[in-house]
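>>> sequence unknown, structure follows:
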């Protein structure tokens, strides 16, 4: 497996593969890879002839006071995991490589960024959309793989790809979880033992939401959100940031009873919960149609 | 020459050329082609194996009350001219092709859009940057050609291309003029006979600025701008919108005397003048270094 540090080497490498007619897959990550990333890389390796895993902790998607500085970094272990999962190259640019000079350009996606993490992390999705656009332009992959734990990120990248006619297929992949239901996240390492035990409350809330939707689908979004808040409230260390039920991937509020709203589009139940200084997110998408997230044609 | 109406046909066509190893050139236009466009197309044909001319009057770069509705449209004559100049394809999408559904994504370039037309046409360069990003992603050209009459547009596209790592070389091309100095523009057809006669005042002001810079290069930007205003004021039908002297392509004000400011970067003298309902722009770039506008490497 190749370790690529510079943009020039990256362009040269992928251009040679493209000219040889090999399909290229990109798995954009911030490193600190876990089994969730592993599942993305394995899927990319199964579907593409050449897989690039980018590892870049992107400063522009962190707000002031967020965890950019302490975000876990472990390039050697990441490279070993990527290789074991079938990656052909890891791309490890520096901040100066990605943002030389004085960058002036922002890709802004509105509406799908208005709620959830977009509301609580101003500017976050401008940073995400812009860096993903850059990575897509650098690698020019046929397919790019994103985990659905960051469902709003998937929705934003999908919208950007459609709107800017980016010639790539966005492939959303299922969230990978611990045996007790906690979604894998590079930020789970921040949790104390007591916080870690209580962090399963996100999973429990999503399970409760699913039972509720199965048993009484005529409930409204507000009623379901109240149920979520009640469940999260049972964990003493949990501080709820948001619990929302929205249409997916539009991320707009459903109108009326969820069984009628659900007929028109998929639903997402999305949570953000703080445990001390650690912020965890999780979600579940209901009645996903296979085609919902299929993206631009080539 | 091929007339391409749909995005699917465009992608298929250029993909076949790219796979055959043929270099692709793009000349993005709003149609109503004149000899300025012709010079771009001829240069693209000389430098690239396959040349696409896009013809699209982009609604998102027109402000309320601007001339989107009456902007001249003449697709058949445009196609004939493009073919005569060596184009291999014209791409003529509809507004619905380019903006299906509800587009949510904007490419915003700051700083270089703050002055000149960016100040007098709010949102204009968001529309330009976004549609150019779309066209670049659709055609994936090796080179894209832009006329320097729209020098700020060139600066914006260059900045976007660098910042987003778009794999294209932006090729700025010299302004083409009438024998009396008036820069060619699709909007010149709006001018009455009397306005057309007086419209040479832009050229005269640029000539006066050049003489001044040659004779007394230690002048300041403010002094040169006063000279420009004075010259434009001699045309009774002319209403000055802006007359500015800036560093190019940064489009920031030079500090101190222009001979010292010019040593660090190129200078642009830029004008926007209204004749009745018609808005004309023109400019001259001084001490252009060949490398100033060289863009991203492939």
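Yep, that arrived. Quick caveat, the model's predicted, so the values are computed rather than measured.
>>> tell me which other helices or strands the host helix or strand of residue A:271 touches.
Here residue A:271 sits within strand A:266-275, counting by DSSP states H and E. Using 3 or more Cβ pairs under 8 Å, 6 or more residues apart in numbering or on different chains; DSSP states H and E as the contact criterion, the elements in contact with strand A:266-275 are helix A:151-163, helix A:201-215, helix A:221-232, strand A:238-248, strand A:278-286. Any C-beta I mention is one placed from the backbone N, CA and C, and that applies to glycine too.
>>> domain map for chain A?
Structurally, chain A divides into domains by automatic domain parsing as follows: A:2-173, A:186-286.
>>> so residue A:35 makes contact with residue A:184?
Yes. Distance between residue A:35 and residue A:184: 5.6 Å, which falls inside the contact criterion (Cβ atoms under 8 Å).
>>> can you tell me which of the helices and strands packed on strand A:266-275 is most buried?
Ranked by average neighbour count under the criterion mean count of other Cβ atoms under 10 Å in any protein chain shown, the helices and strands packed on strand A:266-275 are headed by helix A:151-163 at a mean of 25.
>>> any part of that helix near chain B?
Yes. Using Cβ under 8 Å from any Cβ of the partner chain, helix A:151-163 comes into contact with chain B via A:159-160, A:162-163.
>>> before we move on, back to that, residue A:35 and residue A:184: which is more packed in?
Comparing residue A:35 with residue A:184 by other Cβ atoms under 10 Å in any protein chain shown, the one with more neighbours is residue A:184, at 18 against 14.
>>> excluding chain neighbours, what is closest to the more buried one?
residue A:36 (4.2 Å; Cβ to Cβ, 6 or more residues apart in numbering or on different chains).
>>> and the helix or strand where that neighbour lies, what does it pack onto?
Assigned by DSSP H and E, residue A:36 falls within helix A:35-47. Counting contacts by 3+ Cβ pairs under 8 Å, 6+ apart, helix A:35-47 is packed against strand A:24-29, strand A:50-55, helix A:75-84, strand A:143-147, strand A:169-173.
>>> list the contacts of the helix or strand just after the longest one.
Using DSSP H and E, the helix or strand that follows helix A:75-84 in sequence is strand A:89-91. The contact list for strand A:89-91 (Cβ atoms under 8 Å, 6 or more residues apart in numbering or on different chains) reads A:1-4, A:10, A:13, A:50-56, A:78-79, A:82-83, A:138-139.
>>> go again using 10 Å as the cut-off
A:1-7, A:9-10, A:13-14, A:17, A:24, A:26-29, A:31, A:33, A:41, A:50-56, A:75, A:78-83, A:97, A:135, A:138-139 (Cβ atoms under 10 Å, 6 or more residues apart in numbering or on different chains).
>>> about what we covered before: for residue A:35 and residue A:184, list the residues in contact with both.
Contact criterion Cβ under 10 Å, 6+ apart; residues shared by residue A:35 and residue A:184: A:176-178.
>>> from chain B, how far out is the most centrally placed residue in chain A?
Ranked by distance to the mean C-alpha position of chain A (Cα atoms, centre = their mean), the top residue is residue A:150 at 2.9 Å. Here residue A:150 is placed at a distance of 18 Å from chain B (Cβ to the nearest Cβ, to the nearest Å).
>>> how far away is the residue nearest to that residue when sequence neighbours are not counted from chain B?
With Cβ to Cβ, 6+ apart as the criterion, residue A:150 has its nearest non-adjacent residue at 7.3 Å, and that residue is residue A:281. Residue A:281 sits 21 Å away from chain B when distances are taken as Cβ to the nearest Cβ.
>>> now residue A:281, which residues is it bridged with?
residue A:272 (DSSP bridges).
>>> identify the residues contacting it.
Counting by Cβ under 10 Å, 6+ apart, the residues that residue A:281 touches are A:116-117, A:120, A:149-153, A:183, A:185, A:187, A:202, A:241-242, A:270-273.
>>> residue A:153 contacts residue A:146, doesn't it?
Yes. Under the contact definition of Cβ atoms under 10 Å, residue A:153 touches residue A:146, with a separation of 6.4 Å.
>>> what is the neighbour count of residue A:122?
Residue A:122 - counted by other Cβ under 10 Å - has 11 other residues nearby.
>>> quick check: nearest residue in space to it, chain neighbours excluded?
In this structure, residue A:122 finds its nearest non-sequential neighbour in residue A:63, 6.6 Å apart by Cβ to Cβ, 6+ apart.
>>> cool, thanks, signing off.
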